[in-house]
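**Student:** Provided below are the primary sequence and the corresponding predicted coordinates.
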Amino acid sequence: MDPELCRRAKEGDADAFASLYETVSSKLYSTAFYMLGRKEDAEDIVMETVTDAFSEIRSLREPAAFEGWIFRILMNKIKRRRKSYIGEDLELQPDLISSDKGDRDEAVALRQALAELPQQDRSILVLDILGGYRSDEIAGMLGMNPNTVRSRKVRALEKLRRMLGEGQYDRR
């Protein structure tokens, strides 16, 4: 992360903050979308995250930690939003990025399988696979031990393989 951009953002420079946000915007949205399964909720959560991050940027101590810091905000908002889903029948939307039906069906099957995992495991996989974060970075975002992140990741991937390999989800 550019320390000069962070310094300017902390001083209230909206353009500097916008530049920082641009570096993580697609990862924030992808994470929210895969965690929540709804385009509108993902957009709302990302907007709330950015708004809160902008208002709290002065509390960021280390410029290099910007990405982890904003992802912690996002993950906390996702947790709260998912709690509001309790008792609600979630209908996962098809992948809006892919135009190939086979790819869309596979993405829907993957999201359905991810939705069956415990939230912490799902968070680890999404941050690792979509976000490209290392175990120590994920551990910082989720307040976990890096070794725990690695072991939960291995178990979660194995569970996903079993679920998808058994054809539990209709891939049409």
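**Tutor:** That came in fine, so what should we check first? The structure presented is a predicted model; accordingly, all values stated were derived computationally and were not measured.

**Student:** tell me which residues in the worst-scoring helix or strand of the chain on mean pLDDT are buried?
**Tutor:** When the helices and strands of the chain are scored by mean pLDDT, DSSP states H and E, helix 101-116 comes last with a mean of 75. For helix 101-116, the buried set under the neighbour-count rule, 16 or more other CB atoms under 10 Å, comprises Arg104, Asp105, Glu106, Ala107, Val108, Ala109, Leu110, Arg111, Gln112, Ala113, Leu114, Ala115. Yep, even glycine has a C-beta here, placed from its N, CA and C like the rest.

**Student:** Number of residues surrounding the closest residue to Leu142 other than its chain neighbours?
**Tutor:** Spatial nearest neighbour of Leu142, excluding adjacent residues (CB to CB, 6 or more residues apart in numbering): Ser123 at 6.1 Å. The local packing of Ser123 (other CB atoms under 10 Å) involves 26 other residues.

**Student:** any idea how far Ser123 lies from Leu5?
**Tutor:** 27 Å (CB to CB, to the nearest Å).

**Student:** Serialize the buried residues of helix 101-116 to a markdown table and add fields for distance to Leu60.
**Tutor:** Formatted as a markdown table, the buried residues of helix 101-116 follow (distance: CB to CB, whole Å):
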| residue | distance to Leu60 |
| --- | --- |
| Arg104 | 38 |
| Asp105 | 41 |
| Glu106 | 38 |
| Ala107 | 34 |
| Val108 | 37 |
| Ala109 | 38 |
| Leu110 | 33 |
| Arg111 | 32 |
| Gln112 | 36 |
| Ala113 | 35 |
| Leu114 | 30 |
| Ala115 | 32 |
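
**Student:** Tell me the one among these nearest to Ile138.
**Tutor:** Set against Ile138, the nearest of the buried residues of helix 101-116 by CB to CB is Leu114 (15.5 Å).

**Student:** May I ask which helix or strand encompasses the residue nearest to the closest one when sequence neighbours are not counted?
**Tutor:** Take Leu114 and drop its neighbours on the chain: the residue closest to it by CB to CB, 6+ apart is Arg122, 5.2 Å away. In the assignment (DSSP states H and E), Arg122 maps to helix 119-125.

**Student:** Who are the packing partners of the helix or strand just after that helix?
**Tutor:** Using DSSP H and E, the helix or strand that follows helix 119-125 towards the C-terminus is helix 135-142. Applying 3 or more CB pairs under 8 Å, 6 or more residues apart in numbering; DSSP states H and E, one finds that helix 135-142 contacts helix 66-84, helix 119-125, helix 146-165.

**Student:** Just put these in CSV and tack on mean pLDDT and distance to Ala42.
**Tutor:** Output for the helices and strands packed on helix 135-142, formatted as CSV (pLDDT from 0 to 100; distance: least, CB to CB, whole Å):
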stretch, mean pLDDT, distance to Ala42
helix 66-84, 89, 9
helix 119-125, 90, 14
helix 146-165, 93, 21
